[in-house]
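**Q** any chance you can model this:
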Amino acid sequence: MTTETEPTTTAAESHDEHLGDAYKLVSGLWSGRLLYTAVTLGIVDALDDTPTAAGRLAEELELDAEATYRLLRTLAHYGVLTEDDDRRFTLTPVGEVFEPDHPQSMRAYLRCLHSPEWVSAMFHLPEIVEEGQPGGFTREFGTDIFEYIDANPEFGETFNDFMTAETRRQTEGILAALADAVDGLSHLCAVGGGHGYLLSRLLDAHAHLDGTVLERPSVVDATADHWAPKLGVDDRCQYVGGDMFESVPTADGYLLKWVLHDWSDEECVEILSTIHDAAPADGRLFVIEAIVPGPDRPGFAKRLDMTMLVHMDGRERTDAEYRSLFEQSGWELVDRSEPDGDMSVLEAKKRECR
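**A** Have a look, this model is predicted:
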């Protein structure tokens, strides 16, 4: 019961708290694996706010009854479920975050970050730190993550769902940061734009814009996953399969979200140079990345950098390092904004010569 002297919690604050708790559980080794098991076996989908007996749930899902109860009891310990005296369980607001239709569902995060592929690559971190490249994914599977995705569409779907979920979480801030900059453009090309969620949202918000998504052919061929028709902008958006190291479509603006951090400095310069060659004299470049803060300052980019080291053979970079990449490839940084605490939008203009 709340007294007059105790602070009250708004619905929005409570919602944010549930998301924060859910993220901590995904980040934990045991809590994440327990949740991954519950989602994979259909347990989360079978529960709601109606008390359900553990034995009945195990029977419906064809699971071992005692092991199922022990799993549910432990999930209740982590605040995902509640248990009554009759071994009946209900989902808590934290547990509901892992339902597929939750407005800010974290299921895609969970399924990717605790997939066998993602986890097994992490075991190679000691050798990576000792020896440097290659990263864990290459050590484990003999190929980099993007080649593995092309050959393993089931994991590719998991990875792409994760990337889309991340983009959706960040989109409102990015749209606000780009609002004025894209008003002066007519055609925006999302290089490595995935299924086109961010670009489609930009086209939806700016009726004068046309757009092109450049992606790997395997992504372009997955037409059911394209966001342009889902958001009603397919008449102004095309999907093109290709290789950003070789060529990119002509446009007066280029959007790269979480692309450059996948690659080495030399590869980034190659990508940016290819875009420079295709862009008109007044071309604009928008790079969305997490920027590494200075010494002794915590930051999302420092944590994300370990993912890049292990899984992508890439890296996060400081502001100065991005400026250097731009200068080497014929671009000049003209603006930087931070739509949220994690991501920055870097705007660059084309220099006449390089």
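**Q** switch to C-alpha atoms for all contacts and neighbour counts from now on
**A** Fine.
**Q** now the strands: where do they sit in this structure?
**A** All strands of the chain, identified by DSSP state E, fall at 52-53, 81-83, 88-91, 187-191, 210-215, 237-241, 253-257, 284-289, 331-337, 344-350.
**Q** my read: Ile288 touches Tyr254, true?
**A** No. Ile288 lies out of contact with Tyr254 (C-alpha atoms under 8 Å); the separation is 11.0 Å.
**Q** neighbour count: those two, which is higher?
**A** Remark: of Ile288 and Tyr254, Tyr254 carries more neighbours, 26 against 22, as counted by other C-alpha atoms under 10 Å.
**Q** contact partners for the more buried one?
**A** By C-alpha atoms under 8 Å, 6 or more residues apart in numbering, Tyr254 lies in contact with Leu188, Cys189, Ala190, Val191, Ile275, Gly283, Arg284, Leu285, Phe286.
**Q** and of the residues you listed, the nearest to Val233?
**A** Leu188 (13.3 Å; C-alpha to C-alpha).
**Q** shouldn't that closest one be in contact with His208?
**A** No. Using C-alpha under 8 Å, Leu188 is not in contact with His208, being 10.8 Å away.
**Q** settle it for me: which of the two has more neighbours?
**A** Leu188 (26 against 14).
**Q** what about this protein, any weak spots by pLDDT?
**A** Within the chain, the stretches with pLDDT under 70 are 1-16, 352-354.
**Q** mind checking the longest helix of it?
**A** helix 153-182 (DSSP state H).
**Q** quick one: that helix to chain centroid distance?
**A** Offset of helix 153-182 from its chain centre (C-alpha atoms, centre = their mean, to the nearest Å): 6 Å.
**Q** just stretch 50-62 next, same as before
**A** With C-alpha atoms, centre = their mean, you get 33 Å for stretch 50-62.
**Q** got a list of contacts for it?
**A** 41-43, 46, 64-66, 68-69, 72, 86-90.
**Q** pull the most distant pair out of those.
**A** Leu41 and Asp86 (22.5 Å).
**Q** name all residues that make contact with Ser218.
**A** Asp150, Gly241.
**Q** against Arg236, how distant is the closest residue in space to Lys349 that isn't next to it in sequence?
**A** Using C-alpha to C-alpha, 6 or more residues apart in numbering and skipping residues adjacent in sequence, the residue nearest Lys349 is Arg284, 4.8 Å away. Separation of Arg284 from Arg236 (C-alpha to C-alpha, to the nearest Å): 20 Å.
**Q** again with Ile275
**A** Ile275 sits 21 Å away from Arg236, taking C-alpha to C-alpha as the criterion.
**Q** who's more crowded, those two?
**A** Under the neighbour definition other C-alpha under 10 Å, Ile275 and Arg236 were set side by side, and Ile275 has more, 30 against 18.
**Q** from Thr167, how far out is the more buried one?
**A** In terms of C-alpha to C-alpha, Ile275 sits 22 Å off from Thr167.
**Q** show me which of Leu41 and Asp86 is the more surrounded one.
**A** Leu41 (14 against 10).
**Q** chain neighbours aside, what residue packs nearest to that one?
**A** Leu61 (7.6 Å).
**Q** what is the neighbour count of the one you found?
**A** 14.
**Q** for the stretch 1-150 of the chain, which segments count as helices?
**A** Shown for the stretch 1-150 of the chain, the helices assigned by DSSP state H, counting those that start in this stretch span residues 11-27, 29-40, 43-46, 54-61, 65-77, 93-96, 107-113, 116-122, 125-131, 136-141, 145-151.
**Q** wait, which of the ones you listed is closest to Pro295?
**A** Nearest of these (C-alpha to C-alpha): helix 125-131, 20.0 Å.
**Q** can I get the closest one as PDB, trimmed to CA atoms?
**A** Extracted C-alpha coordinates of helix 125-131, given in PDB (Å, rounded to 0.1, in the frame of the first residue of the first chain):
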ATOM      1  CA  LEU A 125      37.400 -15.200 -26.300                       C
ATOM      2  CA  PRO A 126      40.600 -16.300 -24.400                       C
ATOM      3  CA  GLU A 127      42.300 -17.300 -27.700                       C
ATOM      4  CA  ILE A 128      41.100 -14.100 -29.400                       C
ATOM      5  CA  VAL A 129      42.600 -11.900 -26.700                       C
ATOM      6  CA  GLU A 130      45.900 -13.900 -26.900                       C
ATOM      7  CA  GLU A 131      46.200 -14.000 -30.700                       C
END
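**Q** sorry, back to before: partner residues bridging the residue nearest to Lys349?
**A** Gly253, Lys349 (DSSP bridges).
**Q** which ones are touching Thr318?
**A** So Thr318 contacts Ile291, Val292, Pro293 (C-alpha under 8 Å, 6+ apart).
**Q** next: Thr158.
**A** Contacts of Thr158 (C-alpha under 8 Å, 6+ apart): Ala108, Arg111, Cys112.
**Q** now do the contacts for the nearest residue to Lys257 once chain neighbours are set aside.
**A** Leaving aside its chain neighbours, Lys257 sits nearest to Ile288 (4.6 Å; criterion: C-alpha to C-alpha, 6+ apart). Taking C-alpha under 8 Å, 6+ apart as the contact definition, Ile288 lies against Leu255, Leu256, Lys257, Trp258, Met343, Ser344, Val345, Leu346.
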